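# have a look at this prediction, sequence included:
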Amino acid sequence: MKPYEILKAAAELPWTQGEAARDANGIPCEPWSKRAVCFCVHGAITKAGLNAPFRVRQEARDEMEAFVGSNLRFWNDAAGRTAKDAKAALLDCAELLETEEMIEAGIAGLQKRPGHAA
């Protein structure tokens, strides 16, 4: 799993503020709990990346924080922030990371071509 895949999956999870995750009754719980049904951005990245290596999950979080220019919990819980804002930011960051990866792969592929000076 790649960081951008985690961000895309996180964008599909229901959103909340004030806690990493909540159960169906609105009670706070851990993002990895089976009871969790909605998530802050940080919690959503945790949930979406549970099967990914920790370093990949951390990279997704770091890239998202760089993208929004703030600690994810502060950004998520800012007054006026909406689920639409959170989903858009997650998807925009994912798209940026995926594009960067494609560009890097293309450049690496070109450098491997015969006759190409590295």
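All right, it came through fine.
# and stretch 34-52, end to end?
Start-to-end span of stretch 34-52 (CA to CA, to the nearest Å) is 17 Å.
# likewise for stretch 21-32?
Note: stretch 21-32 ends 9 Å apart using CA to CA.
# so that it lines up with my notes, have the first residue be 439 from now on.
Fine by me, first position is 439 from now on; the one you just mentioned is stretch 459-470.
# and that stretch, how far from the chain's centre?
19 Å (CA atoms, centre = their mean, to the nearest Å).
# got the buried residues for that stretch?
The neighbour-count check on stretch 459-470 (16 or more other CB atoms under 10 Å) flags 459-460, 467, 469 as buried. To be clear about C-beta, it is placed using only N, CA and C from the backbone, and glycine gets the same treatment.
# export those residues to JSON lines and tack on secondary structure and distance to A490?
Listed next are these as JSON lines, based on DSSP: H, G, I helix; E, B strand; the rest coil; distance: CB to CB, whole Å:
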{"residue": "A459", "secondary structure": "strand", "distance to A490": "17"}
{"residue": "R460", "secondary structure": "strand", "distance to A490": "23"}
{"residue": "C467", "secondary structure": "coil", "distance to A490": "21"}
{"residue": "P469", "secondary structure": "coil", "distance to A490": "13"}
